[in-house]
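Undergrad: Show me the folded form of this:
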Amino acid sequence: MASHNPRIIITAGPTFEPIDEVRFIGNRSSGRMGLALAGESARRGWDTTLLLGPGCQSPSGGMHVLRFQTAAQLKQLMDEQWPSHDILIMAAAVSDYAPSKIIPGKQSRDSGPLTLELEATTDILAGITASSREDQTMIGFALEEAGNLRSKGHAKRAQKGVHAIVANPLDTMDSEMVEAMLLMEHDREAAPDRPMTKIEFAGWLLDQLPMIEALKQIK
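TA: Numbers count the residues shown, from 1 in each chain. Now for the predicted structure:
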């Protein structure tokens, strides 16, 4: 890792994709993992930018916090912020789909059945990696079924073009504990030797950054 304190972006929380001016499509992400990572990064004295989704309480201080609601807003923030940073940890749970049209006002149930047409959101992480510099390091998160954790995690890391990906089983979203594996380039893997709280795992993951960056140098 660079000798200077790195500039790091961490994304956290869900996206809320509006159906009308009241309702939205979202997910159960609490943002706790991303908040723990941002807190540990700031504790280490790193220049930390936290991009934080809806429904998540802002941390007390020590970092630059920018809020987003939708995947499109998060993409805009990433486009603005990423060029001036060294490391990205994409812990946000970004919706894969959003309504193609937003209904004005509030849709009434008296109108009868409601059919929504959804369209895929932009793959923010894949887009970022395609335009990144060689000296920047990118880590993603993948939420997968436990039986397919390793195979799907490695496939997603290659697909996204990131240097490492944290593969989590589905129940991590609702849990206080983390039982994840870190999948890196050249088929390298690492995992804690026990289940950890999200705060503990945040420290463990940041400790792996030198190894992730060392693997980047292998051709």
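
Undergrad: mind listing what the worst-scoring helix or strand of the chain on mean pLDDT pairs with, with the direction of each?
TA: Within the chain, no helix or strand scores below strand 177-178, which has a mean of 90 by mean pLDDT, DSSP states H and E. Strand 177-178 has these partner strands in its sheet, going by DSSP bridges: strand 196-197 (antiparallel).

Undergrad: Contacts for the following helix or strand past the partner strand, please.
TA: Counting by DSSP states H and E, the next helix or strand C-terminal to strand 196-197 is helix 198-207. Residues outside helix 198-207 that contact it (CB atoms under 8 Å, 6 or more residues apart in numbering) are 32-33, 36-37, 39-41, 44, 89, 139, 166, 176-178, 180, 182, 192, 196. Quick note: C-beta positions are derived from backbone N, CA and C, even for glycine.

Undergrad: now swap in stretch 178-192 and tell me
TA: With CB under 8 Å, 6+ apart as the criterion, stretch 178-192 contacts 33, 149-150, 153-154, 157, 163-169, 172, 195-198, 200-201, 204-205, 208, 211-212, 215-216, 218.

Undergrad: tell me the contacts of the most centrally placed residue in the chain?
TA: Of all residues in the chain, the one closest to the mean position by CA atoms, centre = their mean is Ala91, 2.2 Å from it. Taking CB under 8 Å, 6+ apart, we find Ala91 in contact with Ile10, Thr11, Ala12, Met33, Gly34, Leu37, Phe141, Val166.

Undergrad: just to revisit the earlier point, list only buried entries from the contacts of stretch 178-192.
TA: By neighbour count, with 16 or more other CB atoms under 10 Å, those hold 33, 149, 153-154, 157, 163-169, 172, 196, 198, 200-201, 204-205, 212, 216 as buried.

Undergrad: Next step: those residues restricted to helices.
TA: In helices, defined here by DSSP state H, the members of the buried ones among the contacts of stretch 178-192 are Met33, Leu149, Gly153, His154, Arg157, Lys198, Glu200, Phe201, Trp204, Leu205, Ile212, Lys216.
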